[in-house]
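Engineer: here's my sequence, what's the structure:
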Amino acid sequence: MLKNENIICISSIDWDFIWQGHQEIMATFAKNGNRVLFIENTGVRTPKLNDIKRLKKRILDWRRSVKGFRQEMENLYVYSPIILPFPYSKLARWVNRFLLITPIRRWMKTMNFKNPIIWTFLPTGTALDIIEATDKKLLVYYCIADFYKLADNPKKVKKTEDELISESDFIFVQGKMLEERCRRRNSNVYIFPFGVKMEAFENFINFPKSAPEDIKRIKRPIIGYIGGIHRHIDFKLIKFLAQKNPGYSIVLIGPVQADIYEIAGLSNIYLLGKKDFLSLPAYIKEFDVGIIPYEINEYTISVLPTKLNEYHAMGKFVVSTRLPEIIKFNAENDNLVFVSSTYQEFSDNISKAIRLNNDKSIKLLIDSAKKNSWTVRIEEMSNILEEALEKGFKNPVGWQAIFLNSYKLLRKKTVNLIAMALSLYLLVFYTPFMWLIASPLRISQQPQKADAIVVFAGGVGELGKPGQGYEERVQYAVDLFKNGYANNIIFSSGYTYAFKEPLIMKALAVSLGVKENSIILEENSANTYQNVKFTTGIIKAKTWHKILLVSSPYHMRRASLIFDKVAKEITVVYTPISNSLFYAHPDKDFRGRKIWKQINFEQIKGIFHEYLGIAYYWWKGWI
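Structural biologist: A predicted model of the protein is given here:
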């Protein structure tokens, strides 16, 4: 058995999920004196609504640990990473490299966790990123299922898995179908189906305990299932069994991970929820028959369920659908499993299994489980790795390999960085993305009759040039005035270039036909907060109650937040200029040609200026 090694496990499940081979193998290695870093599942598919609980638990795990790292037992550490849950996005994968690899490297340095064996259950791009960033002794891929058939983007997972298979030093697989697929790219493939923790079941048999309360009250015969209540279960089969055999009690033990509407409301179906692994023998003991009611699909054709050996370890016959790996198991184990092709045959096989229960059959089933114990499995896998290390794999990472690998990583990072920069450039400048970001800044209402039109000038305005920030606003205010929406105009600005800006605005308005006695100037404000504060003073002195506010379209949100804070009693109708030249982004040029670029740098600066302004005003307590 391996000793004194550092092992990184890239797991396809979380540590606290149903106890499976992932935890059993790594816990065994840890107990034997190896140090293990168990990296919890980083995802094969994009999360859905029913994954919210799992995501919430990941966040809680991260919070109760030290930056995601915690010790679960002697020599075994678990990392619960917080990453972007989009496994097929290049942008998310690039970000996740930083979110994952930086903390892992920091932890490894702190723990002096050098030159590890990497053992991965995941064939994803994220797993490859961890592998490529780590100087390692050996790379082991334990292929337990056709993960790409579960993925939202099968082609991408198939591509990364092919790369992983080619790079791995050893590949362990669950069954013959997976072996054939992996051997096309790598000759070092060994079949190791998931085993059973016989000690837990033997201890229970030797020292039996009373039945758990929630199953003790259920009438027999009990047809039992343990494992995730997931989408690969044939719920129509479960429903058929329950309705066909009303005298049976069908007990499902495990976390619900799928929609169970098909079996809802059936009185002889019992969902007992997830149980601690050490309590499973007590539950299985109460079963009369164990079942594997899986649908036959692209994913399950390569699966040999762990529960098969767990049922056998407690001397329980198993009835299953025609899973290919179960059929192969039967051929090698004297047809111990009742394999069923139809719903009716499944029901008939349950009846046969119940009748065959006797001491002789129980011993046969337990002996079968012993041949598949985890103790034997892990010892055999460990021997393969030990032999490889002794033959020259030990410390193979010399300075030359490290040096060349650093160039490979640098080249890859450079290509990724260029691709990311180009993608970001196209996203920002050639899509409506920035206008979507800016949309919360806009407030635009239909003009209404009011006491006054208030115009906030802009100093240098969006253009960033003196004397060019006010013309559109004055023109629009004059149009509103001439259309009879108000009899008064207030120009507010404390900006001075050659002349005070309000004086120029007034002169422009008068030249456009507004009488001087209809114009009021506010000449002291240095920012939007003072624009609101000083014009509010004028409005209150005039005993006015309603105004039309004219400013830039993307300046309205900041102005509204200030009015809500300091002048709630004034009714403000937000009427920005409708066709701002500064913020214009037409679809075609003057020759009628398509304009692909959606935004320019000056417009982006204007948008970010507004968001920064809102943040600053919040910090100052003005909004």
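
Engineer: how many residues are close by residue 391?
Structural biologist: A count of nearby residues for residue 391, using other Cβ atoms under 10 Å, gives 8. Where C-beta positions appear, they are placed from N, C-alpha and C, glycine not excepted.

Engineer: for residue 246, helix, strand, or coil?
Structural biologist: Secondary structure for residue 246, judged by DSSP: H, G, I helix; E, B strand; the rest coil, is coil.

Engineer: isn't it right up against residue 268?
Structural biologist: Yes - under the criterion of Cβ atoms under 8 Å, residue 246 makes contact with residue 268 at 6.0 Å.

Engineer: grab the nearest non-local neighbour of residue 224.
Structural biologist: Distance criterion Cβ to Cβ, 6 or more residues apart in numbering; nearest residue to residue 224, sequence neighbours excluded, is residue 287 at 3.4 Å.

Engineer: that older thread, which one's more surrounded, residue 246 and residue 268?
Structural biologist: residue 268 (17 against 10).

Engineer: next up, the contacts around the more buried one.
Structural biologist: By Cβ atoms under 8 Å, 6 or more residues apart in numbering, the contact set of residue 268 is 242, 245, 246, 247, 248, 249, 250.

Engineer: where's it relative to residue 307, distance?
Structural biologist: According to Cβ to Cβ, to the nearest Å, residue 268 stands 21 Å off from residue 307.

Engineer: try residue 5
Structural biologist: Using Cβ to Cβ, we find residue 5 at a distance of 31 Å from residue 307.

Engineer: for the stretch 451-600 of the chain, which segments count as strands?
Structural biologist: Counting by DSSP state E, counting those that start in this stretch, one finds strands in the stretch 451-600 of the chain at the ranges 452-456, 489-492, 519-522, 546-550, 571-574.

Engineer: looking at these, which is closest to residue 216?
Structural biologist: Among the strands of the stretch 451-600 of the chain, strand 571-574 comes nearest to residue 216, with 68.4 Å by Cβ to Cβ.

Engineer: domains in this protein, by residue range?
Structural biologist: 6-194+378-393, 198-372, 398-430, 438-620 (automatic domain parsing).

Engineer: would TSV of those domains with mean pLDDT be doable?
Structural biologist: Converted to TSV, those look like this (pLDDT from 0 to 100):
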stretch	mean pLDDT
domain 6-194+378-393	87
domain 198-372	91
domain 398-430	74
domain 438-620	89
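
Engineer: tell me the centre residue of this protein?
Structural biologist: For the chain, residue 85 is the residue whose C-alpha lies nearest the centre (Cα atoms, centre = their mean; 2.1 Å).

Engineer: next, that residue: phi, psi?
Structural biologist: phi -90, psi 50 (degrees, to the nearest 10).

Engineer: my guess is it contacts residue 43, does it?
Structural biologist: Yes - counting by Cβ under 8 Å, residue 43 is a contact partner of residue 85 at 5.9 Å.

Engineer: and the closest residue to residue 518 other than its chain neighbours, what is it in contact with?
Structural biologist: Leaving out its chain neighbours, the residue that sits closest to residue 518 by Cβ to Cβ, 6+ apart is residue 488, at 5.6 Å. With contact set as Cβ under 8 Å, 6+ apart, residue 488 has these partners: 451, 452, 453, 518, 519, 520, 542, 544.

Engineer: can we see that at 10 Å?
Structural biologist: Residues in contact with residue 488, defined by Cβ atoms under 10 Å, 6 or more residues apart in numbering, are 450-454, 481, 514, 517-520, 538-539, 542, 544, 547.

Engineer: same thing with residue 362?
Structural biologist: 205, 312, 314, 315, 316, 317.

Engineer: which non-adjacent residue is nearest residue 176?
Structural biologist: Residue 176 sits nearest to residue 328 (Cβ to Cβ, 6+ apart), 6.0 Å away.

Engineer: sorry, that was for residue 478
Structural biologist: Using Cβ to Cβ, 6+ apart and skipping residues adjacent in sequence, the residue nearest residue 478 is residue 512, 4.6 Å away.
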